[in-house]
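Peer 1: Structural data only, the sequence is not supplied:
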């Protein structure tokens, strides 16, 4: 029997349109806030700023838990999160009363490439960011990764 895992998301993967464009479906979602972490932007040359999740005892991050993700979902998500470049890696997220919840933790070498910016607050984002990801960035990403996305 395959164990399915849940994934905490707080950035562009919180958008239904991005999930649909990337995975081909929108997994069941549960809104949640996770204490002890903060989401901040990181700026890399040639990239739009994107969020990273960092431990921070005095903060709380709002996001969603994507439930019951399959191995195929994680293959696509791992590529989207650049795990092969070691920008992120999957790690268990300690949430009291929950098991099998993962998140993408930024790798130390990501910070050597970029500069941390402001706190990332999904609720204050320009709504056009989802449109841009769904209609431009995700399709471009998928076309650059035909081994996974065909």
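Peer 2: Good, I have the coordinates. Only a predicted model underlies this, so the values are computations on that prediction, with no experimental measurement involved.
Peer 1: now the chain, which segments are flagged as low pLDDT?
Peer 2: The chain contains residues with pLDDT under 70 at 1-3.
Peer 1: residue ranges for the helices of it, please.
Peer 2: 16-23, 71-80, 108-113, 128-132, 138-143, 146-149 (DSSP state H).
Peer 1: Give me the distance between the first one and the centre of its chain.
Peer 2: The chain centre lies 12 Å from the centre of helix 16-23; the measure is C-alpha atoms, centre = their mean, to the nearest Å.
Peer 1: And for the third one?
Peer 2: In terms of C-alpha atoms, centre = their mean, the gap separating the centre of helix 108-113 from the centre of its chain is 17 Å.
Peer 1: just checking, what packs against it?
Peer 2: Contacts defined by 3 or more C-beta pairs under 8 Å, 6 or more residues apart in numbering; DSSP states H and E place helix 108-113 against strand 29-44. Glycine gets a C-beta too; all of them are placed from N, C-alpha and C.
Peer 1: Show me which positions of the strand it packs on end up buried.
Peer 2: By neighbour count on 16 or more other C-beta atoms under 10 Å, the buried set for strand 29-44 is 29, 32, 34, 37-42.
Peer 1: Pairing partners for it, with directions?
Peer 2: Strands that pair with strand 29-44, judged by DSSP bridges, come out as strand 50-69 (antiparallel), strand 114-119 (antiparallel).
Peer 1: Figure out which of those is closest to residue 92.
Peer 2: Nearest of these to residue 92, taken as C-beta to C-beta: strand 50-69 at 12.9 Å.
Peer 1: Cool, thanks, signing off.
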